[in-house]
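# mind folding the following:
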Amino acid sequence: MPKARTNVKAADNRLSRKDSGIGTKKAKKKAAPKDPNKPKRPPSAFFVFMSDFREEYKKENPNNKSVALVGKAGGAKWKSMSDAEKAPYQAKAEKNKLAYDEDIRAYNKGLNEGGDSDKSKSEVNDDDDDEEEDE
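You can find the predicted model right below:
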């Protein structure tokens, strides 16, 4: 009669929870929701170029439905361009970045002014009412 259970212990060791790491990780906390009022980052010079390039490419190739082909063609053209040809796109990207910097400073300033206290506005007003009653 053949032995049926020669490697039972080896198989059991591979399936044990301690060895495999199953269920040993802590649950991750959910990320805080993104603020829809926060300014979006400006596009880089390449993406400014790509917005113009896409329009030209669509005019030249109206039957093209592939986004990948447009991206590859744009990337190849960007690499082949000289610094002088890239300069207008880089200037526009820099202008957009400066505007973004101003917007984000104003946004952060608004957060700091409005969020200094853990108390809600009603609680702050309640404290003011209590002080007036004491006088």
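# tell me which stretches of the chain form helices.
8-15, 17-20, 45-60, 67-80, 83-114, 121-134 (DSSP state H).
# tell me which of these lies nearest to residue 31.
Set against residue 31 and scored by Cβ to Cβ, the helices of the chain come closest in helix 83-114, at 17.8 Å. All C-beta spots, glycine's among them, are computed from the backbone N, C-alpha and C.
# just the buried positions in that closest one, please.
Across helix 83-114, burial judged by 16 or more other Cβ atoms under 10 Å covers 86, 89, 92, 93, 96.
# next, format those as JSON lines and append pLDDT and distance to residue 75.
Formatted as JSON lines, these follow (pLDDT from 0 to 100; distance: Cβ to Cβ, whole Å):
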{"residue": "86", "pLDDT": "97", "distance to residue 75": "13"}
{"residue": "89", "pLDDT": "97", "distance to residue 75": "14"}
{"residue": "92", "pLDDT": "97", "distance to residue 75": "19"}
{"residue": "93", "pLDDT": "97", "distance to residue 75": "17"}
{"residue": "96", "pLDDT": "97", "distance to residue 75": "21"}
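# okay, the residues you listed in JSON lines with distance to residue 42 next?
Shown next, in JSON lines, are these (distance: Cβ to Cβ, whole Å):
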{"residue": "86", "distance to residue 42": "16"}
{"residue": "89", "distance to residue 42": "12"}
{"residue": "92", "distance to residue 42": "9"}
{"residue": "93", "distance to residue 42": "7"}
{"residue": "96", "distance to residue 42": "4"}
